[in-house]
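[1] I'd like to go over a predicted model; first the sequence, then the structure.
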Amino acid sequence: MDLETVKKLDTKDPLAKKREEFFIPKDKIYLDGNSLGPLTLVAKHRAIEVVEKQWGHELIASWNLHNWIDMPINVGEKIAPLIGAKEGQTICCDSVSINLFKLLACALGINSERESILSTRENFPTDLYIAEGLQRLLGDGRCHLDLVEKYELEARLKTKPAVLLLTHTDFRTGELFEIERLTKQAHANGTLVIWDLSHSVGVFPLELDKWEVDFAVGCSYKFLNGGPGSPAFLYVADQHIRNCENPISGWMGHKSPFTFEQKYKAHQGMAKFLSGTPPILSMAMLDAALESFKDIDIKALRIKSIQLTELFLSILQENGALDQLRLCSPSSANSRGSQLAFSHKNGFGICQALAAKEVIADFRSPNLLRFGFSPLHLRFADIWQSCTAVKEVLEEGMYLLPDFNKHLKVT
């Protein structure tokens, strides 16, 4: 396989024009959309409009003039189709960690006769930190975090935990959990389920309503391209909304926040999950970035995602790079998300050496080199060039240079 052959794939790519909607620095190949998505041009223009016109000239009137006040609901409704949710079940607010705290508390409140939160030891650490924090707050008698290996999940569900907390796409390896099957098994044992969709939304077809998922959270700065620290989202199935009590009962979750009543009275819809004032600037950029998804089928993104990862593996196999890298992601494309992970004892150095060649990947301790594949902006030619860079870094031993082994605060 050669570069010209790969370039022909770009001429047949139905998503090729989507790249024009992004600001991608010249000569840079960005394979880190699973950590931070790139800037969309419409988000750049929206930021200028919101800062200069809305905030700058219209000041506080913009809460009404530009409907800032309803932005969490409206942005949530834009995310809803990407997760297979009908209207009135999704809201944009806060961070994944804060939203998870809210939903764990809600689930324990609904399943009040039980106290166990079941999860895996390999789950995303911050999700476990939040569950641990809730356990400390409520005490073991009311909340207990039960961690098991993946293969032990089904057996442990028979102990009838209150909540099953899982991440759909493993942040390290990209391995996919079977949402529909595990949700059904949990429900058969009277267990509510919370899914973290942070590494799935925007690249994987999700059907939360169809799969009868109870709750979900997800971030927006990865494959949704919302920008650094952009607000997260949460999903609550219709039948649970009225029974949920937001434990962080801030003024924006009040049924009438501007009456400033002394006693808290929760909103009856999804707005009850709001707490403080929404971050309008970052939410506005996310709102703009979501425009990239309105005219495409998520299934088409999944098809291209698989094509990109399969091509990446094929070229690395062909050029010999896989002789030095161990694939940690599932070998079957149907069992992984839109990323590939490899282990190497000098994974950090390899990541930094690739950056010097304008190929941006990322590193996860202790030795994982991760590549994320965003089908909206990546070209097949980018895959060829990045694989060539990987081969050169390995063959030349660039990763051993001292400059490429200075660990920074953010990896």
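    Everything's here; your move.

[2] Nearest spatial neighbour of the residue positioned nearest the centre of the chain, chain-adjacent residues omitted?
    With distances taken as CA atoms, centre = their mean, the residue of the chain nearest its centroid is Ser198 (2.0 Å). Closest residue to Ser198 apart from its sequence neighbours, by CB to CB, 6 or more residues apart in numbering: Cys219 at 4.4 Å. In short, each C-beta sits where N, CA and C put it, glycine included.

[3] Contact partners for the residue nearest to the centre of the chain?
    Ser198 is in contact with 96, 124, 167, 169, 171, 217-219, 222, counting by CB atoms under 8 Å, 6 or more residues apart in numbering.

[4] Could you rerun that using 10 Å?
    Ser198 makes contacts with 34, 96, 124, 126-127, 167-169, 171, 216-224, 232-233, as judged by CB atoms under 10 Å, 6 or more residues apart in numbering.

[5] same check, this time on His254
    Here His254 is in contact with 260-261, 263-267, 271-272, 274 (CB under 10 Å, 6+ apart).

[6] let's see 8 Å
    His254 touches 261, 264-267, counting by CB under 8 Å, 6+ apart.

[7] do Glu310 as well
    With CB under 8 Å, 6+ apart, Glu310 has these contacts: Ala333.

[8] Report the separation between it and Ile383.
    As judged by CB to CB, to the nearest Å, Glu310 and Ile383 stand 10 Å apart.

[9] Quick one: classify the residue nearest to the centre of the chain as helix, strand or coil.
    coil (DSSP: H, G, I helix; E, B strand; the rest coil).

[10] circling back: next, the contact list for the residue nearest to Ser198, please.
    95-96, 198, 230, 232.

[11] I'd like to know how many residues surround Gly141.
    Using other CB atoms under 10 Å, Gly141 is surrounded by 7 other residues.

[12] pretty sure Ile73 contacts Lys272?
    No - the pair Ile73 / Lys272 is not scored as a contact, 11.4 Å apart, by CB atoms under 8 Å.

[13] Between these two, which has more neighbouring residues?
    Lys272 (24 against 20).

[14] Which residue is the nearest non-sequential neighbour of that one?
    Ala266 (4.6 Å).

[15] do Glu175 as well
    Pro330 is the one closest to Glu175 (CB to CB, 6+ apart), at 5.4 Å.

[16] so what's the one you found scoring on pLDDT?
    Per-residue pLDDT puts Pro330 at 99.

[17] go on, Asp2?
    Confidence score, pLDDT, at Asp2: 89.

[18] go on, the one 5 residues further on?
    In this prediction, Lys7 carries a pLDDT score of 96.

[19] shouldn't it be in contact with Ile383?
    No - between Lys7 and Ile383 there is no contact under CB under 8 Å: 10.8 Å.

[20] more crowded one of those two?
    Higher neighbour count among Lys7 and Ile383: Ile383, with 26 against 13, using other CB under 10 Å.

[21] for whatever helix or strand the more buried one lives in, packing partners?
    Ile383 is part of helix 380-396, with elements assigned from DSSP states H and E. Helices and strands touching helix 380-396, by 3 or more CB pairs under 8 Å, 6 or more residues apart in numbering; DSSP states H and E, are helix 3-11, strand 29-30, helix 298-319, helix 347-356, strand 359-360.

[22] ok so, going back, tell me how many other residues surround the residue nearest to Lys272.
    16.

[23] right, and Arg172 touches Glu122 too?
    Yes - with contact defined as CB under 8 Å, Arg172 and Glu122 form a contacting pair (7.4 Å).

[24] Could you list which residues are in contact with the residue nearest to Lys272?
    Applying CB under 8 Å, 6+ apart, the residues near Ala266 are 245-246, 249, 253-255, 272.

[25] Tell me the spacing between the residue nearest to Glu175 and Ala341.
    Taken as CB to CB, the span from Pro330 to Ala341 is 10 Å.

[26] Report the distance from stretch 226-238 to the chain centre.
    Its chain's C-alpha centre and that of stretch 226-238 lie 9 Å apart, by CA atoms, centre = their mean, to the nearest Å.

[27] Restrict that stretch to CA atoms and write it as PDB.
    Taking C-alpha atoms only, stretch 226-238 is exported to PDB below (Å, rounded to 0.1, in the frame of the first residue of the first chain):
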ATOM      1  CA  GLY A 226     -16.900  21.700  22.400                       C
ATOM      2  CA  GLY A 227     -13.600  23.200  23.600                       C
ATOM      3  CA  PRO A 228     -11.300  23.000  26.700                       C
ATOM      4  CA  GLY A 229     -13.500  22.400  29.700                       C
ATOM      5  CA  SER A 230     -16.700  22.800  27.900                       C
ATOM      6  CA  PRO A 231     -19.800  21.700  30.000                       C
ATOM      7  CA  ALA A 232     -20.900  18.100  30.200                       C
ATOM      8  CA  PHE A 233     -24.300  16.600  29.700                       C
ATOM      9  CA  LEU A 234     -26.600  14.200  31.600                       C
ATOM     10  CA  TYR A 235     -29.400  12.000  30.500                       C
ATOM     11  CA  VAL A 236     -32.300  10.800  32.600                       C
ATOM     12  CA  ALA A 237     -34.900   8.400  31.200                       C
ATOM     13  CA  ASP A 238     -38.400   9.900  31.300                       C
END
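
[28] Next, the nearest residue to Gly372 once chain neighbours are set aside: secondary structure please.
    Closest residue in space to Gly372, ignoring its immediate chain neighbours: Asn34 at 3.0 Å, by CB to CB, 6+ apart. What three-state DSSP gives for Asn34 is coil.

[29] correct me, but Asn34 touches Ala361?
    No - the criterion here is CB under 8 Å, and Asn34 misses it with Ala361 at 9.8 Å.

[30] between those two, what contacts are shared?
    In contact with both Asn34 and Ala361: 370, 372, using CB under 8 Å, 6+ apart.

[31] Show me where the chain has its helices.
    3-11, 41-48, 62-65, 71-79, 96-110, 125-138, 153-157, 179-188, 238-241, 280-289, 298-319, 347-356, 380-396 (DSSP state H).

[32] With respect to Thr90, which of the ones you listed lies nearest?
    Closest to Thr90 of the helices of the chain is helix 71-79 (CB to CB; 4.1 Å).

[33] buried ones in that closest one?
    71-73, 75-79 (16 or more other CB atoms under 10 Å).

[34] angle of that helix against helix 280-289?
    Interaxial angle of helix 71-79 relative to helix 280-289 (axes from the mean of the first three to the mean of the last three CA atoms, to 10 degrees): 20 degrees.
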